[in-house]
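**Student:** with the sequence up front, the predicted model follows.
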Amino acid sequence: MNDNRNFITFAIIAALILFGWPVIANKVFPPANPPVTKIEGGKTKIVPNPASPSPTTPAKTRDLKAILGESAGQRVVIDTPTLKGSINLKGARIDDLVLTQYKETIAKDSPPIRLLSPVGTADAYYAQFGWQDNGLKPPSADTVWKASGAMLAPGKPVTLTAANSQGQVFAIELAVDDQYMFTIRQTVANKGAAPVDVAPAGIVSRARPSADVDSWTIQIGPMSVHDSKADYDLNYKDVAASKPFTTNGGWLGFTDKYWLTALIPDQGSSFAGEFTGADGSGYSADYARAKTTLAPGKALTQTSRFFAGSKEVRVLDGYQDKQGVQLFGKALDWGWFEVIEKPIFYYLDWLFRMIGNFGVAIMLLTVTIRGLIFPIAQRQFASMASMRAIQPKMKALQERYKDDKQRQQQEIMKLYKDEKVNPLAGCLPTLIQIPIMYSLYKVLMLTIEMRHQPFVAWIKDLSAPDPLTPINLFGLLDFVPPHWIAIGVVPILLGISMWLQFRMNPAPMDETQKQVFALMPWVLMFVMAPFAVGLQVYWITSNLLTVLQQRVLYSRHPALREPMAK
C-alpha cells in the first residue's frame, strides 16, 4: 500500500513537471529559436522569419522602399563588408542599415537582417547625433546637411556640415570600420561674436520593442553600462517614465537576442544617459556630455562611437580589449557562470572553425568535458562500490539503534570513517555537470554563432527545436500538433539514450524506485523537447559516453553488478 502511494505521488509530480515546465521555462529558461523549417508532406519547407505585432507600432506606416526612394537624392551610401545602407542627410540620421552576413531565413534568396529603418516605417529605428540647445541653436531635425562624399566605407569617412544664423558652423565626421562600429567626430566652430555652450548628444530611437522574448536569463530591451557595471534591470515596460543616470565611461542602447545598437560616448569623460518610452511614441536611449563654453573664433571637436550590428563574441570582446569600450562584452548577458561559459564558447567556436560543422563541434566538446571529469567518475564508482559493500553493516546499525536516531547517526558516521567511505563522493560528477550543462545552455542560447547552423539531414538550425515529429507521421499528415506533444526525433533519441544509461545502473532494491527510474527518461524527454537541438545533441552524446564509461568502470568494480548482500 505504501509503495502504491509513493508511486502515485511520483506520477503526480511527473505530470506537474511535464505540464508545468513550459510555463516555468518560458520565464526562467527562454525557449529555443523558432524552427526555421517545417515538415509537410514529408518534405522540408522553410518557415518565414517570425515577427510579433506590437501595440506601439504606429497606426499609419508607409512602405520602406517608397520612403527610401523619396529621399534617395539626399542620402550617403554605407558600404562595408558587413553593413549596407545609407545616412539620411535630413536630420543627419543613420536610419537605413542591413547586416549582410546574416539572413532572415535559411533560404538562399532570403533578404539580410534589417536593423535600422527610417521614420514612417512600421519598424522605425535610427541613430542621430547633434548638440543640446543651451542657447547654441544647433541644426534642427529638418535640416538638410551637406555631405563631403557620396559613400561612407572603411577608410573613406564622410563629413556632414551645416550652419545656424548665429555664426556657428557644425560638422559631423562619420567613419566606419569593417565590422559594426561607427566613429562620430562632432565639431562646432564658433564664428559668432559671443561665447556659446557646447554639449554634444546622441540618441537611438525605435518605434516598437524587439520581437525577441525577454526572460530572466537573457536581457532583451534597454541596456547600459554605467558606474563600471552592466545594468540588465530595465525592460521596455519599465521606461514609460524617464530612467536617467550619470556616469564616467560606459554606454547605453537597445539589445535584441542577437543584435545591438549602442551609443558609446568618449570613455574618459562623464555623461548623462537616459531611457525614455511613451505609449504610441516609441522608445529612446540618449546621452549628453557636460557643456563646454566655446569662445568666439575657437572650435571644439568631441568624439563618440556608435555600434550597430550582431553580438558576435569575438567582435564585442575585441572592442572592449583593443578600443577600451567599458564592459562591452557584457552586451551578452552571461550571468553567474561567465567564468565557465566563456571558455566553453571559445573552445566550441575553435572546434567549429576547424571542422566546419557545429553539431560535430558540440559532440567533440562533449567528449572533451567527459574526458576531463573521467577521473572524478572513477572515484564516484569506487565510492559507490564501497557504499554498496557496507550496506549490510548500515542496515544492521539502523536496526540496532532505530529508537536512538542521534546514536544511529554517530555510528554510521564512524562506519564511514572506519571504512574510509565518503557518501558525497558519488554526487560530485553530477554536481560538476550541472553548471557545465547550464553554461552550455547559456552559450547556445546567447551566442549568434550557432544561429542557422545545420547539422545533418533535416536539422537545418541547431539553435531551434527539432521540427520532425512522429506525432503527425513526420509531416505526412496535414496536422500541426501542439508544441507540448510535438516531440521531435532528436528528443526521442535523447529519451532512449537516458533509458540506456539508467538501465546500466544497478537495479534499486525498492520497487517504487524502480518505477521512478523507469519513467524518468521519458519525462525528461518531454521536458527537453522544446530546447535547441544543439543542447540535445550534447546531452545524447554525454549519455552515450556515460554508457561506455559505465561499461569500463563496472568491469573495474564488478561488486556494483552483484546482488545486494543480505
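**Tutor:** Yes, it's here.
**Student:** now the helix or strand that contains Pro435: mean pLDDT?
**Tutor:** Secondary structure assignment for Pro435, by DSSP states H and E: helix 428-446. For helix 428-446, the mean per-residue pLDDT is 79.
**Student:** which helices and strands does that helix pack with?
**Tutor:** helix 338-355, helix 358-389, helix 533-556 (3 or more CB pairs under 8 Å, 6 or more residues apart in numbering; DSSP states H and E). The C-beta positions use only the backbone N, C-alpha and C, and glycine is treated the same way.
**Student:** mean pLDDT lowest where, among those?
**Tutor:** helix 358-389 (a mean of 82).
**Student:** in this protein, which residue is most central in space?
**Tutor:** Leu446 (2.1 Å; CA atoms, centre = their mean).
**Student:** which residues touch that one?
**Tutor:** 218, 332-334, 341 (CB atoms under 8 Å, 6 or more residues apart in numbering).
**Student:** give me that answer again for 6 Å
**Tutor:** Leu446 makes contacts with Leu332, as judged by CB atoms under 6 Å, 6 or more residues apart in numbering.
**Student:** likewise the one 4 residues further on?
**Tutor:** Applying CB under 6 Å, 6+ apart to Met450 gives the contacts 358, 444, 462-463, 534.
**Student:** just the closest of those residues to Gln326, please.
**Tutor:** The nearest member of the contacts of Met450 to Gln326, counting by CB to CB, is Leu444 at 27.1 Å.
**Student:** for that closest one, which non-adjacent residue is spatially closest?
**Tutor:** Gly534 (4.8 Å; CB to CB, 6 or more residues apart in numbering).
**Student:** that neighbour: neighbour count?
**Tutor:** 27 (other CB atoms under 10 Å).
**Student:** is it true that it touches Met445?
**Tutor:** No: the pair Gly534 / Met445 is not scored as a contact, 9.4 Å apart, by CB atoms under 6 Å.
**Student:** and for those two, which residues touch both?
**Tutor:** Joint contacts of Gly534 and Met445 (CB under 6 Å, 6+ apart) do not exist.
**Student:** how close does the residue nearest to Leu444 get to Tyr441?
**Tutor:** Taking CB to CB, to the nearest Å as the measure, Gly534 falls 9 Å from Tyr441.
**Student:** for Met504, same thing?
**Tutor:** Counting by CB to CB - Met504 and Tyr441 are separated by 25 Å.
**Student:** now swap in Gly120 and tell me
**Tutor:** Gly120 is 40 Å from Tyr441, by CB to CB.
**Student:** more neighbours, those two?
**Tutor:** For the pair Gly120 and Tyr441, the greater number of neighbours falls to Tyr441 (20 against 17), based on other CB under 10 Å.
**Student:** contacting residues around the more buried one?
**Tutor:** Counting by CB under 6 Å, 6+ apart, Tyr441 makes contact with Leu535.
**Student:** check what pLDDT Asn49 gets.
**Tutor:** 68.
**Student:** equivalent analysis for Trp216, please.
**Tutor:** For Trp216, the model assigns a pLDDT of 77.
**Student:** tell me the secondary structure for it?
**Tutor:** Secondary structure, DSSP: H, G, I helix; E, B strand; the rest coil: Trp216 is coil.
**Student:** count the neighbours of Asn134 for me.
**Tutor:** 14.
**Student:** which SS class is it?
**Tutor:** coil.
**Student:** wait, isn't it in contact with Val198?
**Tutor:** No: Asn134 lies out of contact with Val198 (CB under 6 Å); the separation is 8.1 Å.
**Student:** pretty sure Ala147 is in contact with Arg75, am I right?
**Tutor:** No: with contacts counted by CB under 6 Å, Ala147 stays clear of Arg75, the gap being 8.9 Å.
**Student:** which SSE is immediately downstream of the strand or helix carrying Tyr126?
**Tutor:** Per DSSP H and E, Tyr126 falls inside strand 125-131. Remark: after strand 125-131, the chain's next helix or strand is strand 146-147, criterion DSSP H and E.
**Student:** sheet partners, orientation included, of that next one?
**Tutor:** strand 158-163 (antiparallel) (DSSP bridges).
**Student:** in whichever helix or strand comes after the partner strand, which residues are buried?
**Tutor:** The helix or strand immediately downstream of strand 158-163 is strand 168-176, counting by DSSP H and E. Residues 168, 170-176 are the ones in strand 168-176 that count as buried (16 or more other CB atoms under 10 Å).
**Student:** which residues are in contact with strand 168-176?
**Tutor:** Contacts for strand 168-176 (CB under 6 Å, 6+ apart): 80, 92, 129, 139, 152, 157-163, 182-183, 185-190, 192.
**Student:** start to end distance for stretch 114-133?
**Tutor:** By CA to CA, to the nearest Å, the extent of stretch 114-133 from end to end equals 32 Å.
**Student:** what's in contact with it?
**Tutor:** Counting by CB under 6 Å, 6+ apart, 57, 61-62, 64, 67, 93-95, 97-99, 138, 172, 184, 199-207, 259, 288, 306, 308 sit against stretch 114-133.
**Student:** follow-up on the earlier one: between the buried residues of strand 168-176, which is nearest Ile46?
**Tutor:** Nearest to Ile46 among these, with distances taken as CB to CB, is Val176, at 32.1 Å.
**Student:** state the distance from the residue nearest to the closest one when sequence neighbours are not counted to Asn235.
**Tutor:** Closest residue in space to Val176, ignoring its immediate chain neighbours: Phe182 at 5.1 Å, by CB to CB, 6+ apart. According to CB to CB, Phe182 stands 27 Å off from Asn235.
**Student:** great, nothing more from me.
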